[in-house]
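sequence unavailable; structure follows:
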């Protein structure tokens, strides 16, 4: 094991995103990322399994934050209230000091079809985690699955809004607005409003 | 070009599913599939780009059936009515004579994590197709996205129910029941019913 390096994870992340932008994701190697960060390759592998994990390593943490928040929401919470708690918990990962990384990450993913697929799979996994947590609270299967899709749509909308380069609004505020819009759409669907056409 | 072979596509499909079940998906080659079907390898490639397409080749057709049905639903149709039209159109692909293939296809996918990912991506693409068609009708973006997720959940539920080995109920009936359940859940989410816990 090498010596402890301050902020190694973030330095590696910034180096990787810079290289992905300069040379493309496929052409960038782990050795180049470590080199650009001024760290050993072995340090990279203490933080990430591979270069893809630099982009998607936060997935497990997000799934856990979502699950825990839904599990521990107050007994009287509405289903949408449980989703709000999940998104509030996720806000811990979307702080102002990480804001400049988000548009870079999105640009790398947008340029690579394999990474786009990975992003879609990430959303499916986050929806699964939410649905499991809602079922564990006693929600029926159909409501748990639909609510989880609603939660992930709110999350994607909030992340895209937060990650926009010019955005200064905190993640939680954007997430609450997205949830409110989706809840209104759920009412529309439930009551059977006509689909213009 | 070889000569025309009657039912070549279905013969290849049945041969492939049998071999996937016997030897596993990864170990099966296109040459073996063609051989088992009593057809030339070149005939296989006139029907499928590769062996994965035997399992997922229906995706584009489904996306088109969904889109067309949503686009041509009557002007007064509700959003859920548009989704019902989409699922009714899809029923053309789930006829009784194809019923015995469905559980085999599901078993092959369940045994292979890469194919499971492909199935999740297929769902994401079908949701995209539905959302685009709803937006083209004038639905607002949020409602289009949520309705598309609801539609794909109804489709997955209906397909799983229809594909169950003992099932004899037509796809359309199962799909309508799934849509009704999901619409009730949408109402629950919209009105803010509490999440037991």
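Looks like it arrived, so ask away. Because the structure is predicted, anything quoted here is derived from the model rather than measured.

and residue A:78, its phi and psi?
Backbone torsions for residue A:78, taken as degrees, to the nearest 10, come to phi -80, psi 170.

quickly note the distance from it to residue B:189.
Going from residue A:78 to residue B:189 by Cβ to Cβ, to the nearest Å gives 8 Å. Where you see a C-beta, it was placed from the backbone N, CA and C, and this is true even at glycine.

the more surrounded of those two?
residue B:189 (25 against 18; other Cβ atoms under 10 Å in any protein chain shown).

isn't that one right up against residue A:186?
Yes - counting by Cβ atoms under 8 Å, residue A:186 is a contact partner of residue B:189 at 4.3 Å.

so what sits against both of the two?
Listed contacts common to residue B:189 and residue A:186 are residue A:150; contacts here mean Cβ atoms under 8 Å, 6 or more residues apart in numbering or on different chains.

in stretch A:116-125, what's buried?
By 16 or more other Cβ atoms under 10 Å in any protein chain shown, the buried positions in stretch A:116-125 come out as A:117-125.

swap that for stretch A:62-71, sorry
A:62-63, A:65-67, A:69-71.

stretch A:184-197 and chain B in contact?
Yes - Stretch A:184-197 comes into contact with chain B (Cβ under 8 Å from any Cβ of the partner chain), by way of A:184-197.

sort out for me which of the residues you listed are in strands.
Among the residues of stretch A:184-197 next to chain B, DSSP state E puts none in strands.

narrow the residues you listed to those that are buried.
Among the residues of stretch A:184-197 next to chain B, those scoring as buried are A:185-190, A:195, A:197 (criterion: 16+ other Cβ under 10 Å).

pick out the lowest-pLDDT one from those residues.
Taken together, those show their lowest pLDDT at residue A:197, with 57.

which stretches of chain A aren't confidently modelled?
Applying pLDDT under 70 to chain A flags the ranges A:1-4, A:196-197.

can you give me the helices in it?
Assigned by DSSP state H, chain A shows helices spanning A:8-23, A:30-37, A:41-47, A:51-56, A:58-72, A:79-90, A:101-110, A:113-136, A:141-163, A:171-191.

and the shortest one, what other elements does it pack with?
Helices and strands in packing contact with helix A:51-56 are listed as helix A:8-23, helix A:30-37, helix A:101-110, helix A:113-136; criterion 3 or more Cβ pairs under 8 Å, 6 or more residues apart in numbering or on different chains; DSSP states H and E.

what angle do helix A:101-110 and the longest one make with each other?
Right, the one you point to is helix A:113-136. Between helix A:113-136 and helix A:101-110, the angle comes out at 120 degrees (axes from the mean of the first three to the mean of the last three Cα atoms, to 10 degrees).

so how far is helix A:113-136 from its chain's centroid?
10 Å (Cα atoms, centre = their mean, to the nearest Å).

from residue A:151, how far off is residue A:68?
Taken as Cβ to Cβ, the span from residue A:68 to residue A:151 is 14 Å.

meant to ask about residue A:161
Residue A:161 is 16 Å from residue A:151, by Cβ to Cβ.

what does residue A:44 give?
33 Å.

more neighbours: which of these two?
Neighbours per residue, other Cβ under 10 Å: of residue A:44 and residue A:151, the larger number sits with residue A:151, 30 against 25.

for that one, which non-adjacent residue is spatially closest?
Leaving aside its sequence neighbours, residue A:151 sits nearest to residue A:83 (Cβ to Cβ, 6 or more residues apart in numbering or on different chains; 4.2 Å).

for that neighbour, give me its contacts.
Here residue A:83 is in contact with A:70, A:130, A:147, A:150-151, A:154, A:179 (Cβ under 8 Å, 6+ apart).

highest neighbour count among those residues?
Neighbour counts for the contacts of residue A:83 peak at residue A:70, which has 32 neighbours (criterion: other Cβ under 10 Å).

who's in contact with it?
A:82-83, A:85-86, A:130, A:133-134, A:136-137.

likewise for residue A:102?
Neighbour list for residue A:102: A:94, A:159, A:162-163 [criterion: Cβ under 8 Å, 6+ apart].

now neighbour count too, for those residues, in TSV please.
Below are the contacts of residue A:102 laid out as TSV (neighbours: other Cβ atoms under 10 Å in any protein chain shown):
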residue	neighbour count
A:94	20
A:159	21
A:162	22
A:163	20
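
what is the nearest of those residues to chain B?
The nearest member of those to chain B, counting by Cβ to the nearest Cβ, is residue A:159 at 14.2 Å.

I'd say the closest one and residue A:94 touch.
Yes - with contact defined as Cβ under 8 Å, residue A:159 counts as touching residue A:94 (7.3 Å).

overlap of the contact sets of the two?
Shared contacts of residue A:159 and residue A:94, counting by Cβ under 8 Å, 6+ apart, come down to A:102, A:171.

returning to what we had before: to residue B:6, which of the helices of chain A lies closest?
Nearest to residue B:6, of all the helices of chain A, is helix A:113-136, at 36.8 Å by Cβ to Cβ.

do you know how far residue A:133 is from residue B:24?
Plainly put, residue A:133 is 34 Å away from residue B:24 if you go by Cβ to Cβ.

for residue A:97, same thing?
Separation of residue A:97 from residue B:24 (Cβ to Cβ) stands at 48 Å.

among the two, which residue is more densely surrounded?
Comparing residue A:97 with residue B:24 by neighbour count (other Cβ under 10 Å), the higher total belongs to residue B:24, at 12 against 7.

identify the residues contacting that one.
Residues near residue B:24 by Cβ under 8 Å, 6+ apart: B:111-112.

before we move on, what about residue A:158?
By Cβ under 8 Å, 6+ apart, the neighbours of residue A:158 are A:87, A:171, A:174-175, A:178.

of these - the most surrounded one?
Most neighbours among the contacts of residue A:158, by other Cβ under 10 Å: residue A:175, with 26 neighbours.

for that one, what are its contacts?
By Cβ under 8 Å, 6+ apart, residue A:175 lies in contact with A:84, A:87-88, A:90-91, A:154-155, A:158.

in a markdown table: those residues, plus distance to residue A:15.
Converted to a markdown table, the contacts of residue A:175 look like this (distance: Cβ to Cβ, whole Å):
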| residue | distance to residue A:15 |
| --- | --- |
| A:84 | 36 |
| A:87 | 30 |
| A:88 | 31 |
| A:90 | 25 |
| A:91 | 26 |
| A:154 | 32 |
| A:155 | 27 |
| A:158 | 27 |
